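Undergrad: Take this sequence and fold it.
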Amino acid sequence: MNFNSADIGAFKDIWVFCEQRDGKLMDTNFELISEARKLADERSVQVVGLLLGDNASIWQNSLAVMVRIK
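TA: Sure thing, here's the model as predicted:
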């Protein structure tokens with residue numbers, strides 16, 4: 001299967017790039033995820049939270065809960 005980046009229909013979910021500093025999730029993550037949830041509900045798509053960085057896996061459960069709350 002080839003990926004066609006010109007196919008806008010392939011981009012349906014709402015992605016939020018989250019941030020952490022000094023081992024703490026930033027408050028802006030919660031604000032962005034809240035707005036993303038509203039958009040996702042309007043479009044009947046999912047919210048995807050992406051957190052990059054060293055030891056980011058310690059936050060995976062917190063982010064998973066935030067992006068799934070409706």
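
Undergrad: what comes up buried for the helix ranked longest in the chain?
TA: Ranked by number of residues, the top helix in the chain under DSSP state H is helix 27-43. Buried residues in helix 27-43, counted by 16 or more other CB atoms under 10 Å: Asn29, Leu32, Ile33, Ala36, Arg37, Ala40. Backbone N, C-alpha and C define where each C-beta goes, glycine included.

Undergrad: What average pLDDT does it get?
TA: Mean per-residue pLDDT for helix 27-43: 91.

Undergrad: moving C-terminal of it, what's the next helix or strand?
TA: strand 47-51 (DSSP states H and E).

Undergrad: if we can go back for a sec, will you turn the buried residues of helix 27-43 into a markdown table that also has distance to Lys12?
TA: Shown next, in a markdown table, are the buried residues of helix 27-43 (distance: CB to CB, whole Å):
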| residue | distance to Lys12 |
| --- | --- |
| Asn29 | 22 |
| Leu32 | 18 |
| Ile33 | 17 |
| Ala36 | 13 |
| Arg37 | 15 |
| Ala40 | 10 |
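
Undergrad: just these now: which is nearest Ala10?
TA: Nearest to Ala10, judged by CB to CB, of the buried residues of helix 27-43 is Ala40 at 16.4 Å.

Undergrad: The closest one is in contact with Val47, isn't it?
TA: Yes - with contacts counted by CB atoms under 8 Å, Ala40 reaches Val47, the gap being 4.7 Å.

Undergrad: Noted, bye for now.
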